[in-house]
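Participant: sequence plus the predicted model coming up.
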Amino acid sequence: MIRPALGAILSHWRQHPLQLGMLITGLALATALWSAVQAINGEARASYADAAAQISPSGQSYLAPQQGYITISQYVALRRAGWQLSPVLTGSYRGPDNGPDGASLELIGIDILSNPVMARLTDDFNKQSRGPDSGNKMIDLTPEDLLLRPGRLFVHPETNIAVGGTDVPPVMRSTLVPLGAAISDIATVAKLLQRPNAISRLILLPDQPAGLTPLADLAPNLRQQTPSTGADTAQLTRSFHLNLTAFGLLSFAVGLFIVQGTIALGIEQRRGMFRTLRSLGLPLKALVYIVFAELLAITIVAALLGLLLGYLVAAALLPGVGATLSGLYGASLEGSLQLRLSWVVSGMAMALAGMGLAGAQSWFSLYHLPILAAPAATARGQQALRGHKVSALAGAAMLVSAPCVPLLFDGLLAGFVFLGGLMLGAALLLPLVLSGLAGVGTRLARTPVSLWLWADMRAQLPGLSLALMALLLALATNIGVGTMVSSFRLTFLGWLDQRLASELYMTLPRNEMAADVLPWLASRDIRALPIRHSDERYDGAPMEVYGIINDATYRDNWPLLRADPDVWQSVDAGTGVLINEQLSHRAALAPGDPLQIAPGWQMPIAGVYSDYGNPHPQAIVGLPVLLRHRPQIDNRRFGLRVRPSAVGQLRADLTARFDLPSGVFINQGELKARSLAIFDRTFVVTAALNLLTFGVAGFAILTSLLTLWSQRLPQLAPIWAMGLTRRQLARYEVLRSVLLSGLTALLALPLGLLLGWALLAVVNVEAFGWRLPMVLFPLDWLRLFLMALAAAALAAALPARRLSRLKPADLLRVFANER
């Protein structure tokens, strides 16, 4: 009995191959977008782990200071007390050949005698140098080469940063080094960073002696951290990966709308068959198990296809993600994608869970199917409408309760829960709202055809509601994320105009050249604004402290958010410090509060300024104050205030007079263009995911229209018999789809704007530490509205084409059936 029943049930897919294709495609698309996001996140986590392993091999805990750096004397005291430690010094280094906007290199200095990383790098380099395909000379590096001058600097082969200069040691290439970083002996890094008495962290080595004096007594200013809680890059980018995961879940949910509708239709179309099988003696449990096995097999096939598509999507998006991580957080991500078991298992599990979720209602109705129940398509539609009322009540409850989440809980996760409740609640309300609007259209209709059109639209809502909910979510996401990105871009442009006030930027090859260049510039009445900073640490994170001179450029252009009335006077007098918005938000600091920059260096906060795009804390003090505490900092970078028309001549004169290379100059326009290009690359992955989600929503509409095609003939045949031609019916089919999509797009607008406000005012503040003003872009709304109408028209085109070419005999045959 089982085999004939299985053959009969599977015969449905042979008669409806398009429906089977839609089911597999919907689940494959959902799995593909989810697995692509997980593959990208997995690659990023692996990259962070590799970078952390270079600093803390084998995941050992380490000691980090609250502010500033650990001193050599403190390290020596701990070692003499018996503690087994390995020092690490990290910092950003800009090579002499890099321009003022050039990328910096993250230097990692380690003790090669106690840290095993350097031994692995040396062995890897020596092995590569002996390889037949290696371009390196056949040399063997020894520990003496690393310790003695000039030392060695290990970088990744794909790290393309100019670090030339007389003080920079020879560069060795190794794939073991994280992208965008360089590893060397701690003494070499200390010299490059001009930090001869500084240590960033102390790794706690295994097998510590017994009976040691507690660290709290020896070093109360140090706190113990582990890689899981102290990995700066992973913690910093957590918000971005959570955002990607939210995108993946949204795309997966949109894809499930296709699956749920197709499963429900397949179950409904086979109710007569199920009734016959039950009458022939097939047990109900056996019927449920057969249908379950059928969907399980389809799920496995769709999941494998989705994993393949997800790998291709992730490989295409990975360069954009790398640009985003670099632009927003300064984190590096390699451009290669590896097949990892974690995201493969995650994709397969989500596909199985999604199929179970999408088919739960159909299985439940099948399990409680009476043996003599008829198909009853009309009753099914009435039940769906009653179900929409229940879902609308649930959606209203979500909309009311969602705003309470960020009020009761703090953190980024609370913001995403608020957004999720908001969007899901609106989606659940959509069918009832569209039904009400269609009812209004019915009451306002004046001709029989328009009356039928609105009534028919209302009758078809149960079959199209899931696809329209997917379209609502996709459009709202596009509007909300687009508003956030466009507001950020507009604000960023205005901020660049303020921050990049100098007409020409210059980076001298050597510090000592400033003694000749600056008097020459002063003799020509050209103001040179020094760009000098010191790398400090605040609350365990890197912090840049810049020094400025008393000049009207800062008073007239610097973007202050909050400030004391005499802010610039206090900074010039050395009695106040400016901090960026990120530091103000994360440390809850405001004007008037003290800022501990380093041990023995504390100043009151005079103001808070905007610093978009910078993931780290930053502070600004008067240049004399900075030089008093850090007299050895570089003096190579300058902003030159000159008439725009004289920029070209000044470059030529400086180049000829001081024999400067062309790479030391960059004008304001070029710097803005490069910054804007970096910005656009930063959000390319967001635009790609928006487009993919919108495409899946359009496919959901096509799926619903195609799967409901067989149910439309009994409803269209009487209208045709009353005098409407097949071409007119086809046009009305397209019009119905366009009207529903247009109404959905109009309802998506306020939801998308609310989403954009939440991203700017809630999520963005938690993720990055700055708040952006919300700017409205009506032309973008119009573009999305037209795209929604075009997607609906295209989705309805194929069913409409079928209807226009349908033979009259097929329509007449409807009246011969008992329906």
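Facilitator: Yep, that arrived.
Participant: residues in contact with residue 170?
Facilitator: Listed by Cβ atoms under 8 Å, 6 or more residues apart in numbering, the contact set of residue 170 reads 150, 152, 153. Placement of C-beta: from N, CA and C, glycine included.
Participant: for the record, mean pLDDT for stretch 399-419?
Facilitator: For stretch 399-419, the mean per-residue pLDDT is 80.
Participant: what do you get for stretch 367-378?
Facilitator: Averaged across stretch 367-378, the pLDDT comes to 56.
Participant: show me the shaky parts of the stretch 301-450 of the chain.
Facilitator: 320-337, 361, 368-388, 411-412 (pLDDT under 70).
Participant: now with 80, please.
Facilitator: For the stretch 301-450 of the chain, the stretches flagged by pLDDT under 80 are 314, 316-340, 342-343, 357-389, 406-407, 409-416.
Participant: neighbouring contacts of stretch 696-705?
Facilitator: By Cβ under 8 Å, 6+ apart, stretch 696-705 touches 22, 25-26, 29-30, 33, 251, 254-255, 257-258, 261-262, 463-464, 466-468, 470-471, 473-475, 737, 741, 791-792, 794-796, 798-799.
Participant: measure how far it is from the centre of its chain, please.
Facilitator: Put simply, stretch 696-705 sits 26 Å off its chain's centre (Cα atoms, centre = their mean, to the nearest Å).
Participant: also stretch 717-734?
Facilitator: From the chain centre to the centre of stretch 717-734 is a distance of 47 Å (Cα atoms, centre = their mean).
Participant: repeat for stretch 474-486
Facilitator: 14 Å.
Participant: ok, how many other residues are close to residue 463?
Facilitator: By other Cβ atoms under 10 Å, the residues close to residue 463 number 22.
Participant: next, give phi and psi for it.
Facilitator: Phi and psi for residue 463, reported as degrees, to the nearest 10, are phi -80, psi -20.
Participant: from the contacts of residue 170, pick the one nearest residue 656.
Facilitator: Checking the contacts of residue 170 against residue 656 by Cβ to Cβ gives residue 150 as the nearest, at 32.3 Å.
Participant: for the closest one, what are its contacts?
Facilitator: 169, 170, 188.
Participant: filter the residues you listed down to the ones in helices?
Facilitator: Among these, the ones falling in helices (DSSP state H) are residue 188.
Participant: nearest to residue 312, of the contacts of residue 150?
Facilitator: For these, the residue nearest residue 312 by Cβ to Cβ is residue 170; the value is 40.2 Å.
Participant: from residue 152, how far out is the closest one?
Facilitator: Going from residue 170 to residue 152 by Cβ to Cβ, to the nearest Å gives 6 Å.
Participant: pull the distance from stretch 430-449 to the chain's centre.
Facilitator: 40 Å.
Participant: for stretch 290-309, that is, sorry about that
Facilitator: Stretch 290-309 sits 29 Å away from the centroid of its parent chain (Cα atoms, centre = their mean).
Participant: just the CA atoms of that stretch, as CSV, please.
Facilitator: The C-alpha coordinates for stretch 290-309 follow below in CSV (Å, rounded to 0.1, in the frame of the first residue of the first chain):
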residue,chain,number,x,y,z
ILE,A,290,5.0,10.0,3.0
VAL,A,291,4.3,13.8,2.6
PHE,A,292,7.0,14.5,5.2
ALA,A,293,9.5,12.3,3.3
GLU,A,294,8.6,13.9,0.1
LEU,A,295,9.3,17.4,1.4
LEU,A,296,12.5,16.2,3.1
ALA,A,297,13.9,15.0,-0.1
ILE,A,298,13.0,18.2,-1.9
THR,A,299,14.6,20.2,1.0
ILE,A,300,17.9,18.3,0.7
VAL,A,301,18.1,18.9,-3.1
ALA,A,302,17.1,22.6,-2.6
ALA,A,303,19.6,23.0,0.3
LEU,A,304,22.5,21.6,-1.8
LEU,A,305,21.6,23.9,-4.6
GLY,A,306,21.3,26.8,-2.2
LEU,A,307,24.7,26.1,-0.7
LEU,A,308,26.3,26.2,-4.1
LEU,A,309,24.6,29.5,-5.0
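Participant: much appreciated, bye for now.
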